[in-house]
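Student: Sequence plus predicted model, see below.
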Amino acid sequence: MDIIIRNTGETPIYDQITRQVKTLILTGVLGEGEALPSMRALARDLRISVITTKRAYEELEREGFITTVPGKGCFVAPRNLELVRENALRQVEEHLQRAVEAAKLGGIAAAEVRETLDILCKEE
């Protein structure tokens, strides 16, 4: 499992891990039932604290992306289509928020932004 940690920026390490594992799951790189590295192994590979990997795994489990089997480890949870849709919607909202901010800075009217979005969303 390839996870890249950046020590620069404001994103906490556990959040970087959580986001990257979610992406691996949502894109199918990590399949349903696939085992994740142990918290200790991941911490060792990334050269970070076990507490940090524990927090990331707890967050992933809380959000329904992984399940923990006592004595066996952590595994990719069965895909919940509603969870996948909700996560995608959240990402779209984040991107749209950045687009709106850029439009405001550039003096672009909301109507132009909507028109651009309509053009981009048009099916061919």
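Tutor: Received, thanks. This one's a predicted model, so the numbers in the text were calculated from it and none came from an experiment. Residues are numbered from 1 along each chain as shown.

Student: Now do the contacts for the spatially closest residue to residue 7 that is not a sequence neighbour.
Tutor: Among residues not flanking residue 7 along the chain, residue 13 sits closest, at 7.9 Å (C-beta to C-beta, 6 or more residues apart in numbering). Using the backbone N, CA and C atoms, a C-beta is placed for each residue, glycine as well. Taking C-beta atoms under 8 Å, 6 or more residues apart in numbering, we find residue 13 in contact with 5, 7, 46, 48, 52, 56.

Student: So which of those residues are in helices?
Tutor: 46, 52, 56 (DSSP state H).

Student: circling back: just flag the most distant two among the contacts of residue 13.
Tutor: Farthest pair in those (C-beta to C-beta) is 7 and 56. Separation: 15.7 Å.

Student: coming back round to it: for the ones in helices among the contacts of residue 13, could you give me CSV that also reports distance to residue 92, pLDDT and neighbour count?
Tutor: Shown next, in CSV, are the ones in helices among the contacts of residue 13 (distance: C-beta to C-beta, whole Å; pLDDT from 0 to 100; neighbours: other C-beta atoms under 10 Å):
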residue, distance to residue 92, pLDDT, neighbour count
46, 29, 95, 18
52, 29, 97, 20
56, 24, 97, 27
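
Student: Next up, the contacts around residue 6.
Tutor: Contact analysis of residue 6 by C-beta under 8 Å, 6+ apart lists residue 16.

Student: What average pLDDT does stretch 62-71 get?
Tutor: Computed over stretch 62-71, the mean pLDDT rounds to 92.

Student: Please spell out which residues along it are buried.
Tutor: For stretch 62-71, burial by neighbour count (16 or more other C-beta atoms under 10 Å) applies to 64-66, 68.

Student: In a markdown table: the ones in helices among the contacts of residue 13, plus distance to residue 76.
Tutor: Shown next, in a markdown table, are those (distance: C-beta to C-beta, whole Å):
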| residue | distance to residue 76 |
| --- | --- |
| 46 | 19 |
| 52 | 20 |
| 56 | 14 |
